[in-house]
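Colleague: requesting a structural model of the entry that follows:
(2 chains)
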Amino acid sequence: MSSSFLPLGSRDLLPTDLIKQEKLRHIVMNTFKSWGYQPVLPPTIENLDILDKGRPQFAKETFKVIDRDGQLLALRPDITLPIARLAATRLSQVERPLRLCYTAKVFRQSPHLSDERREIYQAGIELIGCKSTDKVYSLGQINKANLECISILLEVLEKTGLTDYKIVLSHIDLWKYAGEIFHRVEEFLEIDLEAELDSILRKGDFIEYQKAIAKAEERCSKSLKASKEPSELKACFESSLQDTPLNYLKKACFELTGEPIKILDYLDHDSVIYKELSAIVALEEIFGKDKFIIDFTMRPDPNYYTGLYFEVVIPNTGKPIGKGGRYDNLMSSFGQSEPAIGFSLQVDALLRYAQADKYSGLIEEGKKMRIPTQDNNPAALIHSIKQSMSLRTKNPVVIID
Amino acid sequence: MLYKKNNYRIAIPKGALFQSSCDILKKANLEFDFQDRKLIFETNEKNIEVLLVKPIDVPVYVENGAADLGIVGSDILGEHYAQTLTLMMLPFGHCELMMAVPNDSPIQSLAQTPDYCKIATKFPKLTRLFFRQKGIPIEIIELNGSIEIAPLTGLSEAIVDLLATGRTLKENGLIKIETISKHSARLIANRVSWQVNHDWIIKILTAINSANNS
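Modeller: Coordinates of the predicted model:
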């Protein structure tokens, strides 16, 4: 292919696009700033090993660079990782909570679709740490941070002019809801069923999911039959096979998605997961009805998420335009243990689905003032430049022709 | 202006799975009048449309949200990656991906496959995966149809293709020596549709399920 063509997945931004993008960026960043968030910008190039703390797929999707010394570097595939690094190092002594925001590009190459865009312009916030002096973070503090984060997300979406978006909520601790028994089954069979089911759901394969549970169930009942000692686990399986936690999970992939009222009703009202999610759904009081959907089959993509996880979707468009969640363990991998939450939105997708006319800022040709000049008269040219400078105080554009 | 769709859509494949797809939708009380050359059909439910597309395009429509649901063979899902939800197995479209050679080939079993054996196939990804797992290096010749004539014309030494009845194989003097994977039809969904139109999808799922069980 000729080198005069663009590489796959790249684009030139033309004036119309760039002006719209700048306007949107302005609205988004101003909203973030009005909540007390301060802008930061990590470097484009990071050490490759920062990715070890992210998701395994990053390794495949990242553009790698080798420097003069043979050091392996990466074009950042994600912004949360570098900001976590920054927060744990140079900003480690700054008063908590740390409120940071950004608009920046991430660089990825999708292993599946070669023409998917490789430079993704993202806008987002990170809320890191909390005021507490002790190291235990209460549900109250988690809720406070969750609500602040989701409120900002909703406000930004409203301000960009999006109308029919939905926030889809999920939670890492889905399996806790399946109960103590679930973990005993895992222990008993010496398998990590949770990790297995998570990875199957990430692929979206409900048939595999059913098979994995059926397999665990079969192994369980086989081993239990063989063991002579009566155990609680055995009793649970023998009492009524219909009600085993595994049987519950089998149905779960079809029943744990839908309107919050319905799904929250399924959950134990004393569970942390219920308290976290119902607190968020209560934001509809401010932002209007039908903003949220719960989908527990949606498992977070980067594996640094630890609790609440959410995606922003627009009905009938196919793919999410933003995502976020809690990453309470990521900070400790950079040497500073503290809870954190954040989200990022894809700026291009926002522009695509928001009311586009709101952002068109091109100045019409007719409104541009032109001063005619003569090429070979330096004195007149100086005069024209002087004249244009004073005219610019009243006219948006003055061009020396 | 960006296109917005207001109806629910189900993409079904042309070809081998077409009739069974119509039948299962009919059992789930979704009917439409098939007309030659038409590709979008209104159904008896006024907000549901059926799209008729090439089998390998079904996951594309569903992944991008142009269709909410789709019916497609698991062979295609395995060969062409798409980010969709696989909701359930459907009881038709059973076939297997297999390796076949000419009747008089010196290769009579998988173990006799020579290194860098030339294999013609429409399924390069599944074929490569299978032989890599077996540790046999092969050379894939990617074709788009009439795979059976590849060994007869000297283009390849073996083929990997779908086998439903075995008739085409026999007529071309080929014999199956190894099963690579078994396949059948799947119901797939777009994830955002699954979230946003959940009640409708569950309704369709339930109707198909009870039609299957009756």
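
Colleague: starting at the chain centroid, how far to the lengthiest helix in chain B?
Modeller: In chain B, with assignment by DSSP state H, the single longest helix is helix B:198-213. Relative to its chain's centre, helix B:198-213 lies at 21 Å (C-alpha atoms, centre = their mean, to the nearest Å).

Colleague: excluding sequence neighbours, find me the nearest residue to the closest residue to chain B within chain A.
Modeller: Nearest residue of chain A to chain B: A:Gly318, at 2.6 Å (C-beta to the nearest C-beta). Backbone N, C-alpha and C define where each C-beta goes, glycine included. Distance criterion C-beta to C-beta, 6 or more residues apart in numbering or on different chains; nearest residue to A:Gly318, sequence neighbours excluded, is B:Gly65 at 2.6 Å.

Colleague: give the helix, strand or coil label for that neighbour.
Modeller: Assigned by DSSP: H, G, I helix; E, B strand; the rest coil, the conformation of B:Gly65 is coil.

Colleague: can you pull the contacts of it?
Modeller: By C-beta atoms under 8 Å, 6 or more residues apart in numbering or on different chains, B:Gly65 lies in contact with A:316-319, B:190, B:192-193.

Colleague: which of those residues tops the neighbour count?
Modeller: Highest neighbour count within the contacts of B:Gly65: B:Asn190, with 31 neighbours (other C-beta atoms under 10 Å in any protein chain shown).

Colleague: residue contacts, it?
Modeller: A:318, B:62-65, B:67-69, B:84-85 are the contacts of B:Asn190 under C-beta under 8 Å, 6+ apart.

Colleague: over to it: give its phi and psi.
Modeller: phi -80, psi 140 (degrees, to the nearest 10).

Colleague: any idea how far B:Thr86 is from it?
Modeller: Noted for B:Asn190: a distance of 12 Å to B:Thr86, by C-beta to C-beta, to the nearest Å.

Colleague: hang on, the earlier thing: which of the contacts of B:Asn190 are buried, as a ChimeraX select command?
Modeller: Applying 16 or more other C-beta atoms under 10 Å in any protein chain shown to the contacts of B:Asn190 leaves a buried subset, and the ChimeraX line that selects it is:
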select /A:318 /B:62,63,65,67,68,69,84,85
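
Colleague: how about the helices of chain B, start to end?
Modeller: Under DSSP H, chain B gives helices at B:18-27, B:58-63, B:74-79, B:124-134, B:149-152, B:167-171, B:191-196, B:198-213.

Colleague: and the second one, anywhere near chain A?
Modeller: What that stands for is helix B:58-63. Yes. Using C-beta under 8 Å from any C-beta of the partner chain, helix B:58-63 reaches chain A at B:Glu63.

Colleague: hang on, the earlier thing: export the helices of chain B as JSON lines, with columns for mean pLDDT.
Modeller: What follows is the helices of chain B, written out as JSON lines (pLDDT from 0 to 100):
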{"stretch": "helix B:18-27", "mean pLDDT": "94"}
{"stretch": "helix B:58-63", "mean pLDDT": "95"}
{"stretch": "helix B:74-79", "mean pLDDT": "95"}
{"stretch": "helix B:124-134", "mean pLDDT": "96"}
{"stretch": "helix B:149-152", "mean pLDDT": "94"}
{"stretch": "helix B:167-171", "mean pLDDT": "89"}
{"stretch": "helix B:191-196", "mean pLDDT": "94"}
{"stretch": "helix B:198-213", "mean pLDDT": "90"}
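
Colleague: what parts of the stretch 301-401 of chain A come near chain B?
Modeller: Neighbours of chain B within the stretch 301-401 of chain A, by C-beta under 8 Å from any C-beta: A:313-320, A:352-353.

Colleague: neighbours around A:Met331, how many?
Modeller: 21.

Colleague: just A:Gly161 next, same as before
Modeller: A:Gly161, neighbours per other C-beta under 10 Å, totals 16.

Colleague: that one against A:Ala354, yeah?
Modeller: Yes. The criterion here is C-beta atoms under 8 Å, and A:Gly161 meets it with A:Ala354 at 4.4 Å.

Colleague: before we move on, back to that, mind checking how far the residue of chain A closest to chain B is from B:Ser193?
Modeller: Taking C-beta to C-beta, one finds A:Gly318 at 8 Å from B:Ser193.

Colleague: before we move on, what about A:Gly366?
Modeller: Distance from A:Gly366 to B:Ser193, by C-beta to C-beta: 46 Å.

Colleague: returning to what we had before: let's have the residues of the stretch 301-401 of chain A next to chain B in JSON lines, adding pLDDT and secondary structure.
Modeller: Converted to JSON lines, those look like this (pLDDT from 0 to 100; DSSP: H, G, I helix; E, B strand; the rest coil):
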{"residue": "A:Val313", "pLDDT": "95", "secondary structure": "strand"}
{"residue": "A:Ile314", "pLDDT": "91", "secondary structure": "coil"}
{"residue": "A:Pro315", "pLDDT": "85", "secondary structure": "coil"}
{"residue": "A:Asn316", "pLDDT": "79", "secondary structure": "coil"}
{"residue": "A:Thr317", "pLDDT": "80", "secondary structure": "coil"}
{"residue": "A:Gly318", "pLDDT": "78", "secondary structure": "coil"}
{"residue": "A:Lys319", "pLDDT": "84", "secondary structure": "coil"}
{"residue": "A:Pro320", "pLDDT": "91", "secondary structure": "coil"}
{"residue": "A:Arg352", "pLDDT": "86", "secondary structure": "helix"}
{"residue": "A:Tyr353", "pLDDT": "86", "secondary structure": "helix"}
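
Colleague: could you dump those residues to TSV with distance to B:Asp115?
Modeller: Converted to TSV, these look like this (distance: C-beta to C-beta, whole Å):
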residue	distance to B:Asp115
A:Val313	49
A:Ile314	52
A:Pro315	53
A:Asn316	51
A:Thr317	48
A:Gly318	44
A:Lys319	43
A:Pro320	45
A:Arg352	50
A:Tyr353	53
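
Colleague: and those, which two are furthest apart?
Modeller: Using C-beta to C-beta, the pair of these lying farthest apart is A:Pro315 and A:Arg352, separated by 14.4 Å.

Colleague: how deep is A:Asp268 tucked in, by neighbour count?
Modeller: 11.

Colleague: how much space separates A:Ile27 from A:Val347?
Modeller: Counting by C-beta to C-beta, the gap from A:Ile27 to A:Val347 is 11 Å.

Colleague: higher neighbour count, those two?
Modeller: With neighbours defined as other C-beta under 10 Å, A:Ile27 and A:Val347 compare such that A:Val347 has more, 24 against 18.

Colleague: for the more buried one, which non-adjacent residue is closest in space?
Modeller: A:Tyr121 (4.2 Å).

Colleague: for the helix or strand hosting that neighbour, packing partners?
Modeller: Assessed by DSSP states H and E, A:Tyr121 sits inside strand A:119-128. Contacts defined by 3 or more C-beta pairs under 8 Å, 6 or more residues apart in numbering or on different chains; DSSP states H and E place strand A:119-128 against helix A:15-34, helix A:80-88, strand A:98-107, helix A:139-159, strand A:340-346, helix A:347-353.

Colleague: if we can go back for a sec, any idea which of the contacts of B:Asn190 is least confident?
Modeller: Ranked by pLDDT, the contacts of B:Asn190 bottom out at A:Gly318 (78).

Colleague: what's near enough to touch that one?
Modeller: Neighbours of A:Gly318 in contact, by C-beta under 8 Å, 6+ apart: B:63-66, B:190, B:192.

Colleague: up against chain B, what does the stretch 151-300 of chain A have?
Modeller: The stretch 151-300 of chain A has residues A:166, A:168, A:204-208, A:254, A:257-258, A:293, A:295, A:297-298 near chain B, with proximity defined as C-beta under 8 Å from any C-beta.

Colleague: turn those into CSV, columns for neighbour count.
Modeller: Listed next are those as CSV, based on neighbours: other C-beta atoms under 10 Å in any protein chain shown:
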residue, neighbour count
A:Lys166, 19
A:Val168, 22
A:Gly204, 23
A:Asp205, 21
A:Phe206, 24
A:Ile207, 16
A:Glu208, 16
A:Phe254, 19
A:Thr257, 24
A:Gly258, 18
A:Ile293, 25
A:Asp295, 23
A:Thr297, 23
A:Met298, 28
